[in-house]
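>>> just to be clear, the model below is a prediction. Sequence and coordinates:
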Amino acid sequence: MPNVIEITDFAAPELDVYARLTQAQLRSRLEPEKGIFIAESPKVIARALDAGY
């Protein structure tokens, strides 16, 4: 089951990693084959979850 976190405040600590790392660092964060990304629209989120992210 994916770990979906709803963000309601831009100061949320969950966003800290996105403020500190470059796009290249996010892509290879922890597990290079998965990386970290932001999905902002319901359609993109649904497609990512359907694809197994």
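Sure thing, it's come through. Residues are numbered from 1 along each chain as shown.
>>> count of neighbours near residue 48?
Neighbourhood size, residue 48 [other C-beta atoms under 10 Å]: 14. The way it works is simple: take the backbone N, C-alpha and C, and place the C-beta from them, glycine included.
>>> which residue is the nearest non-sequential neighbour of it?
Leaving out its chain neighbours, the residue that sits closest to residue 48 by C-beta to C-beta, 6 or more residues apart in numbering is residue 39, at 5.1 Å.
>>> what's the burial count for that neighbour?
14.
>>> doesn't residue 45 make contact with it?
Yes. Proximity of residue 39 to residue 45 meets the contact threshold set by C-beta atoms under 8 Å, at 4.5 Å.
>>> mean confidence for the longest helix seen in the chain?
Identified as the longest helix of the chain according to DSSP state H is helix 42-50. Across helix 42-50, the average pLDDT comes to 87.
>>> could you number the chain from 124 rather than 1 from now on?
Okay, residue one is now 124; in that scheme the one you just asked about reads as helix 165-173.
>>> may I have the helix or strand of the chain with the lowest mean pLDDT exported as PDB, CA atoms only?
Lowest mean confidence among the helices and strands of the chain (mean pLDDT, DSSP states H and E): helix 146-150, at a mean of 75. Taking C-alpha atoms only, helix 146-150 is exported to PDB below (Å, rounded to 0.1, in the frame of the first residue of the first chain):
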ATOM      1  CA  GLN A 146      15.800  17.500  -8.800                       C
ATOM      2  CA  ALA A 147      18.700  15.000  -9.600                       C
ATOM      3  CA  GLN A 148      19.100  14.200  -5.900                       C
ATOM      4  CA  LEU A 149      15.400  13.600  -5.500                       C
ATOM      5  CA  ARG A 150      15.400  11.200  -8.500                       C
END
